[in-house]
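Colleague: Sequence and predicted structure below; questions after.
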Amino acid sequence: MKKKGRAGGRKPKAEKRDNRYVVRFTDKENTRFLALFETSGLHTKAEYIVAVLLNRELKTVKIDKSAMDFYMRLTTFHAQFRAIGVNYNQVVKALKSNFTEKKAMALLYKLEKYTIELVELSRKIVVLTEDFKQKYG
């Protein structure tokens with residue numbers, strides 16, 4: 001009996017890459033090459049070299065650590081700000097049900113001052129967020 005084709009193994013590629021070239025870098029050149037390779041976002045160094053030599057379009061991704069840190073802190077701050085809003089509602093309900101009207105009004109007056117401070121802080125957060133969007137968005 002005759003065997004038909006291949007019994008197993010890897011499927012042959014449409015275009016084999018048989019030609020190979022060797023490049024040697026100094027330590028300084030190698031460091032620069034590795035930095036450029038990492039920013040390219042490609043998976044292998046061979047892909048990167050072919051893309052550079054044959055003028056393919058490369059996308060470079062640069063991650064700004066300070067921008068990421070700012071975004072993370074702003075996100076956690078927003079969550080805390082929302083939690084304050086929930087606590088604010090609970091405090092108002094407790095004042096209404098547990099204190100006399102006169103005492104509740106005095107305490108609400110103090111709470112109102114802090115609320116005004118929170119509103120001003122919220123406006124600053126919005127301004128910072130807009131600046132962040134314009135710079136990095």
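Modeller: Sure thing, it's come through.
Colleague: neighbours of Y88, just the number please.
Modeller: By other Cβ atoms under 10 Å, 14 other residues sit near Y88. To be clear about C-beta, it is placed using only N, CA and C from the backbone, and glycine gets the same treatment.
Colleague: nope, F37 is what I was after
Modeller: F37: 16 neighbours (other Cβ under 10 Å).
Colleague: what do you get for the one 3 residues further on?
Modeller: Residue crowding around S40 was assessed by other Cβ under 10 Å; the count is 17.
Colleague: I'd assumed E57 was in contact with it.
Modeller: No - assessed by Cβ atoms under 8 Å, S40 is found out of contact with E57, at 10.9 Å.
Colleague: Overlap of the contact sets of these two?
Modeller: Common contacts of S40 and E57 (Cβ atoms under 8 Å, 6 or more residues apart in numbering): A51.
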